[in-house]
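**Q** Could you look at this predicted model? Sequence included:
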Amino acid sequence: MKLGIVGLPNVGKSTLFNAITNAGAESANYPFCTIEPNVGVVAVPDERLKVLTDMYHAVKTTPAVVEFVDIAGLVRGASKGEGLGNKFLSHIREVDAIVHVVRCFEGTDVIHVEGSVDPVRDMETINLELIFSDLEMVERRLDKDKKLLKGDKKYESEIVLLERVKAALESGLPARSVERTPEDDAVLATVALLSEKPVIYAANLSEEDFKAGYEKNPHFTRLRAQAEKEGAGVLPICAKIEEELSSMDEEEKDLFLADLGLEQSGLDRLIRESYALLGLISYLTAGEPEVRAWTITRGTKAPQAAGKIHTDFERGFIRAEVVAYDDLVRCGSLAAAREKGLLRSEGKEYVMQDGDVVLFRFNV
Ligand code: GDP
């Protein structure tokens, strides 16, 4: 999963990104991730891995990971080529979801590009750049479709859909707000619009405001009210605190969080919420060599889940031996779970569940 961090300059993106890279998972374990200076890879927090590692006396534990891409440089006018303009917009095209950092901290020593702290104006500034860029894409596609329509009536419904998207964009609404059928979804996927991407707003508060309680911060509450209108989530965060946390060991981190009255870091919450936002779940594989979590979309069937491990597993899929994590832990071992009949044999139509502990059987 790839998340793009966007926001106006000086809102705390780099500070958050530093926290992410400091906290970063050992990238050597993840050859499939593109490691570039603007990419940070972090583990998806999952307590189940530690329990299974102990149960199986596993020598290696590999969490699922999320890639964060720092997409700096988005400014007012980007869609018209301001700043590094379209280059940054094209980076957004490559991510699964957007983490939009919005400044809610005051502080005269940090200059605000727009002259004052106003999170609602800032979120709209960035959102409009995405919408402008999308409008161009939609108009271009409409022109093309209208020419094709002369030879082929099948473009009619596509044109109707794109006109609806265009109207939404023109009234300042993101493409994701447009009602659609699964067929519409398939069409829109080919247009690759930026404002289709799911968004989480990260409200970056000062240390003081964060500790005092974000509910009291008027910038935060205004931002949340606006995000609610869009149906988007807002995560209160203090990038500075995250940066501090990311350089601590586990023990120090727990003390520091307890001191703040928190159970988990903002980064952990961000990862969990992104997972939920994107409809992702994890299944687990366990054995002595390795305990590992694998990311799949909710609704994925067993063969496709197996394909995450290796394409051969999907091609030669025979069956999956599955036990729910809770059942396994309650029984204390796989053998005990099998005795109790809790280890199931599932076929290719089985829909994977979060926390399934799985062994795939396949032909090579
Ligand atoms: P970017 O341009 O969005 O990447 O912003 P930076 O991360 O470089 O932050 C801009 C300035 O704001 C820096 O001087 C940071 O130290 C400061 N800053 C970032 N996050 C916080 C925060 O949570 N609280 C306070 N007080 N300052 C912050």
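**A** Sure, I can see it.

**Q** tell me the phi and psi of Met352?
**A** Backbone torsions for Met352, taken as degrees, to the nearest 10, come to phi -70, psi 140.

**Q** That one contacts Leu284, correct?
**A** No - assessed by Cβ atoms under 8 Å, Met352 is found out of contact with Leu284, at 10.6 Å. Bear in mind the C-beta positions are built from the backbone N, C-alpha and C, glycine included.

**Q** Between these two, which is the more surrounded one?
**A** Set Met352 next to Leu284 and count neighbours by other Cβ atoms under 10 Å: Met352 wins out with 24 against 21.

**Q** so what's that one up against?
**A** Going by Cβ atoms under 8 Å, 6 or more residues apart in numbering, Met352 touches Ile281, Tyr283, Ile296, Thr300, Lys301, Ala302, Ala305, Val358.

**Q** The ligand: which of the residues you listed is nearest?
**A** Distance to the ligand, by Cβ to the nearest ligand atom, is smallest for Ile281 among those, at 31.3 Å.

**Q** what's the neighbour count on the closest one?
**A** Ile281 has 21 neighbours, counted by other Cβ under 10 Å.

**Q** next one: Asp254
**A** Using other Cβ under 10 Å: Asp254 sits among 12 other residues.

**Q** Could you tell me the model confidence score at it?
**A** Listed pLDDT for Asp254 reads 91.

**Q** For it, pull up the helix or strand it's in.
**A** Per DSSP states H and E: Asp254 is located in helix 250-260.

**Q** Would you mark the buried spots in the helix or strand that that helix is followed by?
**A** Counting by DSSP H and E, the next helix or strand C-terminal to helix 250-260 is helix 266-277. Within helix 266-277, the residues scored as buried using 16 or more other Cβ atoms under 10 Å are Gly266, Leu267, Asp268, Arg269, Leu270, Ile271, Glu273, Ser274, Tyr275, Leu277.

**Q** Report the inter-axis angle for helix 266-277 versus helix 250-260.
**A** Inter-element angle recorded for helix 266-277 and helix 250-260: 80 degrees (by axes from the mean of the first three to the mean of the last three Cα atoms, to 10 degrees).

**Q** what packs against helix 266-277?
**A** With contacts taken as 3 or more Cβ pairs under 8 Å, 6 or more residues apart in numbering; DSSP states H and E, helix 266-277 sits against strand 65-70, strand 97-103, strand 199-204, strand 233-237, helix 239-246.

**Q** what domains does the record give for this structure?
**A** Residue ranges for the domains of the chain, per automatic domain parsing: 2-45+64-115+198-277, 130-196, 299-362.

**Q** re the thing from before, which of the contacts of Met352 come close to the ligand?
**A** Among these, not one lies near the ligand by Cβ under 6 Å from any ligand atom.

**Q** Restricted to strands, list those.
**A** If you go by DSSP state E, the contacts of Met352 have Ile281, Tyr283, Ile296, Val358 in strands.

**Q** what residues does the stretch 101-250 of the chain put near the ligand?
**A** Counting by Cβ under 6 Å from any ligand atom, the stretch 101-250 of the chain sits next to the ligand at Phe105, Gly107, Val110, Asn204, Ser206, Glu207, Cys238, Ala239, Lys240.

**Q** Now the stretch 251-364 of the chain against the ligand: closest residue?
**A** Closest residue of the stretch 251-364 of the chain to the ligand, Cβ to the nearest ligand atom: Gly266 (10.0 Å).

**Q** which residues sit in contact with that residue?
**A** Ala202, Leu235, Pro236, Ile237, Cys238, Ile241, Glu242.

**Q** Relative to Glu244, how far out is the residue positioned nearest the centre of the chain?
**A** Against the mean C-alpha coordinate of the chain, by Cα atoms, centre = their mean, the closest residue is Ser274 at 3.9 Å. Per Cβ to Cβ, to the nearest Å, Ser274 is found 22 Å from Glu244.

**Q** hang on, the earlier thing: in TSV: the domains of the chain, plus distance to Ala58.
**A** TSV is the format used below for those (distance: least, Cβ to Cβ, whole Å):
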stretch	distance to Ala58
domain 2-45+64-115+198-277	14
domain 130-196	39
domain 299-362	12
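
**Q** picking that back up, would you mind grabbing the residues shared as contacts by Met352 and Leu284?
**A** Common contacts of Met352 and Leu284 (Cβ under 8 Å, 6+ apart): Val358.

**Q** so how far does stretch 280-299 reach from one end to the other?
**A** The first and final residues of stretch 280-299 sit 9 Å from each other (Cα to Cα, to the nearest Å).

**Q** Check which residues of that stretch are buried.
**A** 280-286, 291-296.

**Q** what mean pLDDT does that stretch have?
**A** For stretch 280-299, the mean pLDDT works out to 96.

**Q** sorry, back to before: make sure the residue nearest to the centre of the chain is actually in contact with Ala97.
**A** Yes - counting by Cβ under 8 Å, Ser274 does reach Ala97; the two are 6.0 Å apart.

**Q** So for those two, which residues contact both of them?
**A** Met1, Leu3, Ile200.

**Q** Go ahead and measure how far stretch 58-72 is from the middle of the chain.
**A** Mean C-alpha position of stretch 58-72 versus that of the full chain (Cα atoms, centre = their mean, to the nearest Å) differs by 12 Å.

**Q** Could you pull out the buried residues of that stretch?
**A** Buried positions in stretch 58-72, judged by neighbour count with 16+ other Cβ under 10 Å: 58, 61-72.
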